[in-house]
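# Next comes the sequence, and after it the predicted model I'd like to discuss.
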Amino acid sequence: MDHATPAEKPMGKPTFVNRKTLDEAAARLKNWGKWGPDDQIGTLNYTTPADIVHAASLIRTGQVISLALNYDKDGPQGGKTKFPPVGRFNPVHTMLRSGSDAYSGTLDKRGIRSADDMVLFPLQAGTHWDGLGHIFFDDHMWNGYDCREVSSFGAAKAGIQHTREKMVGRGVLLDLARHLGVEHLEDGFAITNDLLDATCASQNVTVGRGDHLLLRTGQMERCLKAGSWDGYPGGDAPGLDFETLDWLQAKQVAAVATDTWGVEVRPNNSEGINQPWHWICIPIMGLTMGEIFKLDVLGAECAKDRRYEFMFVAPALPITGAVGSPVNPIVIR
């Protein structure tokens, strides 16, 4: 079967990926051992203390912007989709003690009136980071560890708790939808290396070692405007093309996140492989990725003053053995 080369590929059309393509990319982009045989945080190693000091210097006004969706029953796991999202569901919040209990005279043993609550939800139900134990390449996970290191007790290797002092540094927003003059990229639109470079140029911003790269497609805003998450969890979406793995490797970014459910373009243009970009990004490159980031307010604010770099603070919750973590990403401008 003939397929267009990346140079000939029409704009927005995903690169074709088969097992040969996948194996070649794995050999070319493998970072196993780069930070030693015992490394458990991958590309987060790129960010240095000096990078964090520089990121703090980017604060001009003290404006703080949260990039998280609220964790509630109306979250993004509630939409209809042809690809059910592997058993994930929206947060279930319940009260252990309430004001009504206090009003009725119910006291706990400490003799104090109070309210307490709890929440139950998958760690990747809303705005979150994928941990390096989340995706396997055949029988291996990040840094060559055996995939059986992740058992019913959690991840014995590359658990998200190892990142507890990471995901802090310079953040860069590439507002792809605004660059192309549209409210949102269409489902199935593949973000290419050329588009990333063109957006950098139009925004007068660079992406480099240790950066936390945020990509706005507008898909989440489309869903919020429509009042429906149908198709969002596990369905078709704009996203990164397979070729962008080389771009991200060359730039040495610490992490990448988008406003979509799965970062990469869906549907994939692949043969017998589901989400091939994930296969390389997490277990082969050790690249931390974030999903379901809310980027509408940040995009609007960056467009006002044409400043697309900022202090970024978004550490994962140190849940021992977890392969993902909810997060409230904070931008300080």
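In hand now; what should we look at?

# quick one, what contacts Pro329?
Pro329 sits next to 66-68, 127, 167, 257, 290, 293, 312-314 when contact means Cβ atoms under 8 Å, 6 or more residues apart in numbering. All C-beta atoms are positioned from the backbone trio N, CA, C, and that covers glycine.

# ok, now with 10 Å
65-68, 127-129, 167, 171, 212, 214, 257, 290, 293-295, 298, 312-315 (Cβ atoms under 10 Å, 6 or more residues apart in numbering).

# can you tell me how far it sits from Gly111?
40 Å (Cβ to Cβ, to the nearest Å).

# the longest strand in this structure is where?
Under DSSP state E, the strand in the chain containing the largest number of residues is strand 168-175.

# elements contacting it?
For strand 168-175, the packing partners by 3 or more Cβ pairs under 10 Å, 6 or more residues apart in numbering; DSSP states H and E come out as helix 49-56, helix 193-203, strand 212-216, strand 255-258, helix 296-305, strand 309-313, strand 330-332.

# count of residues packed around the closest residue in space to Glu149 that isn't next to it in sequence?
Excluding its sequence neighbours, the residue lying closest to Glu149 (Cβ to Cβ, 6 or more residues apart in numbering) is Lys157, at 4.2 Å. Neighbourhood size, Lys157 [other Cβ atoms under 10 Å]: 21.

# Tell me who's in contact with Lys157.
Lys157 makes contact with 38-40, 132-133, 141-150, 321 under the criterion Cβ under 10 Å, 6+ apart.

# With Lys30 instead?
With contact taken as Cβ under 10 Å, 6+ apart, Lys30 is in contact with 137, 143-144, 249, 280, 283-286.

# quick one: it and Gly239, what's the gap?
Taking Cβ to Cβ, one finds Lys30 at 23 Å from Gly239.

# With Leu295 instead?
From Leu295 to Gly239 the distance is 14 Å (Cβ to Cβ).

# which neighbours do the two share?
The contact sets of Leu295 and Gly239 overlap at 215, 217, 258 (Cβ under 10 Å, 6+ apart).

# burial measure for the first one, as a count.
Other residues within reach of Leu215, judged by other Cβ under 10 Å, total 27.

# and it, what does it touch?
Shown in contact with Leu215 (Cβ under 10 Å, 6+ apart): 172-177, 185, 191, 196, 199, 238-240, 244, 256-260, 263, 290, 293, 295.

# Tell me the confidence at it?
Looking at Leu215, its pLDDT reads 98.

# Okay, and the beta partners of it?
Beta-bridge pairing for Leu215 (DSSP bridges): Leu174, Thr258.

# returning to that earlier point: how about the contacts of Lys30 in TSV, adding pLDDT, distance to Gly234 and secondary structure?
Shown next, in TSV, are the contacts of Lys30 (pLDDT from 0 to 100; distance: Cβ to Cβ, whole Å; DSSP: H, G, I helix; E, B strand; the rest coil):
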residue	pLDDT	distance to Gly234	secondary structure
Phe137	97	21	strand
Asn143	98	28	helix
Gly144	98	29	helix
Gln249	98	27	helix
Ile280	98	20	helix
Pro283	98	20	coil
Ile284	98	23	coil
Met285	98	23	coil
Gly286	98	24	coil
